[in-house]
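**Student:** Predicted coordinates and the sequence they were generated for:
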Amino acid sequence: MSAETTSLNHSFHFDAQDQGHRMPAKSQVLHHLTNVRGVLTEVLIVRSHEESRNIVFIIPGNPGLPEYYETFAKNLHSQLQGSHQVWVISHAGHTAMSHSSVIPGNGEVFGYMDQVQHKLDFINDYVPSCARIIFVGHSIGCKIILDILSRLKTKIQDTSRIEIDKSFMLFPTVERMKESPNGEKLWPVLALFRWFIILLGFFASVLPQFLKVWLVSLYFWRKDVPECCKNATLDLLRPSVIRNVLFMAYQELCIVQQLDIELINQHLCNIHWYYGFNDDWCPRSYYYDLVRSLPDIRADLCSEGIEHAFVLQSSALMAQKLANWIKN
């Protein structure tokens, strides 16, 4: 990693007073590796030297490597003119630093509900007192946020120490994942051939580094993809990481079924939804169904052709949209 790596706790001291309006500040990008109740976890933080109590807390999709979101996080921090810190947390088991072995099948495997608990544990242990949090979910990260909101009062004993301001759901996979076009395609693969893919990942992991770099460059050929995304893809080429990514994806298709309309209605004014126009993980028919069920919901349908995996080619545009929503 090219960015600075520091102790996690050292970055969590800030003035509890609201910073108000400020001039644009130079971004400081920090990569942290911290222990969340026995689970090594990577946290990407973009902040100014003058810190803020406002935290944009990004929960990624799957795969959940923070480096995929580095360009997006830096753009968002810049658009917000340093008024918010931007944090991106990894999913448990999705970062190469979480595993010491390249042997297929070695290491702990974390399912979907483990990921929800992992985020609750991190918030409880590491989010500073008096923080004001804005949740941003991408893909399955949106479903994790809904589960966090439903369990927050029982899982965090002193909820008065933090403030959940609002939540933004980007390309949300929160219902009928197995019935989506991509779900129908991937279900047989995830159900029957996970171990074969993990074995391929093992062979890829023992290739010389220059050959892995060439394969990743070939995969992204003719695409203007940020270097951080290429580096994150290189980190994926590890069987223990692939095993966790695939197992979580398998569980997503099993677990994410009916939309929790009652829960969404409880948080109606504090959640903003953003659906893709041509998204095979959450088709626009899901958007229309949601708006019909809850006519007063804050939901938009993309008109700019942004893809589900927006971090690959649309980080700047998505960051600009999100910053405008936050400021308004």
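**Tutor:** Received, thanks. Numbers count the residues shown, from 1 in each chain.
**Student:** Any idea which helix or strand in the chain has the lowest mean pLDDT?
**Tutor:** Every helix and strand of the chain was ranked by mean pLDDT, DSSP states H and E. The lowest is strand 4-5, at a mean of 45.
**Student:** Parallel or antiparallel, which strands does the following helix or strand past that one pair with?
**Tutor:** Using DSSP states H and E, the helix or strand that follows strand 4-5 in sequence is strand 28-36. Strand pairing for strand 28-36, using DSSP bridges, gives strand 4-5 (parallel), strand 39-47 (antiparallel).
**Student:** Let me have strand 28-36 in CSV, keeping just the CA atoms, if that works.
**Tutor:** The C-alpha coordinates for strand 28-36 follow below in CSV (Å, rounded to 0.1, in the frame of the first residue of the first chain):
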residue,chain,number,x,y,z
GLN,A,28,-4.7,12.2,4.3
VAL,A,29,-5.2,8.5,3.3
LEU,A,30,-4.5,6.0,6.1
HIS,A,31,-4.7,2.2,5.9
HIS,A,32,-5.1,0.5,9.3
LEU,A,33,-5.1,-3.1,10.3
THR,A,34,-6.9,-3.6,13.6
ASN,A,35,-8.2,-6.5,15.6
VAL,A,36,-12.0,-6.6,15.9
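**Student:** What residues sit buried inside that strand?
**Tutor:** Neighbour counts over strand 28-36 (16 or more other C-beta atoms under 10 Å) mark 28-34, 36 as buried. All C-beta spots, glycine's among them, are computed from the backbone N, C-alpha and C.
**Student:** And for stretch 130-137?
**Tutor:** Neighbour-count burial for stretch 130-137 [16+ other C-beta under 10 Å]: 131, 133-137.
**Student:** Repeat that for stretch 204-220.
**Tutor:** Neighbour count says stretch 204-220 has 204-205, 212, 216 buried, by 16+ other C-beta under 10 Å.
**Student:** now stretch 74-85
**Tutor:** For stretch 74-85, by 16+ other C-beta under 10 Å, it's 74-80, 82-85.
**Student:** so where do the helices sit in the stretch 151-300 of the chain?
**Tutor:** Counting by DSSP state H, counting those that start in this stretch, one finds helices in the stretch 151-300 of the chain at the ranges 181-192, 194-205, 209-219, 227-236, 239-255, 261-266, 284-293.
**Student:** Now the weakest link among those, please, by mean pLDDT.
**Tutor:** Among the helices of the stretch 151-300 of the chain, helix 194-205 carries the lowest mean pLDDT, at a mean of 90.
**Student:** And that one, what does it pack against?
**Tutor:** The contact analysis (3 or more C-beta pairs under 8 Å, 6 or more residues apart in numbering; DSSP states H and E) places helix 194-205 against helix 239-255.
**Student:** before we move on, the earlier item: now the strands paired with strand 28-36 in JSON lines, with mean neighbour count and distance to P295?
**Tutor:** Listed next are these as JSON lines, based on neighbours: other C-beta atoms under 10 Å; distance: least, C-beta to C-beta, whole Å:
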{"stretch": "strand 4-5", "mean neighbour count": "12", "distance to P295": "47"}
{"stretch": "strand 39-47", "mean neighbour count": "23", "distance to P295": "36"}
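**Student:** Of the ones you listed, which is nearest L234?
**Tutor:** strand 39-47 (14.4 Å; C-beta to C-beta).
**Student:** Give the next helix or strand downstream of that closest one.
**Tutor:** Next along from strand 39-47, by DSSP H and E: strand 54-59.
**Student:** of all the helices of the stretch 151-300 of the chain, which lies closest to I123?
**Tutor:** Closest among the helices of the stretch 151-300 of the chain, using C-beta to C-beta: helix 261-266, at 18.1 Å.
**Student:** got the buried residues for the closest one?
**Tutor:** Buried, per 16+ other C-beta under 10 Å, within helix 261-266: I264.
**Student:** still on that earlier bit, farthest-separated two in the buried residues of stretch 204-220?
**Tutor:** It's S205 and V216 that sit farthest apart of the buried residues of stretch 204-220, by C-beta to C-beta, at 12.8 Å.
**Student:** For those two, list the residues in contact with both.
**Tutor:** Between them, S205 and V216 share no contacting residue under C-beta atoms under 8 Å, 6 or more residues apart in numbering.
**Student:** who are the neighbours in contact with R298?
**Tutor:** Counting by C-beta under 8 Å, 6+ apart, R298 makes contact with 268-269, 271-273.
**Student:** In strands only, show me the residues you listed.
**Tutor:** Applying DSSP state E to the contacts of R298, the entries found in strands are 271-273.
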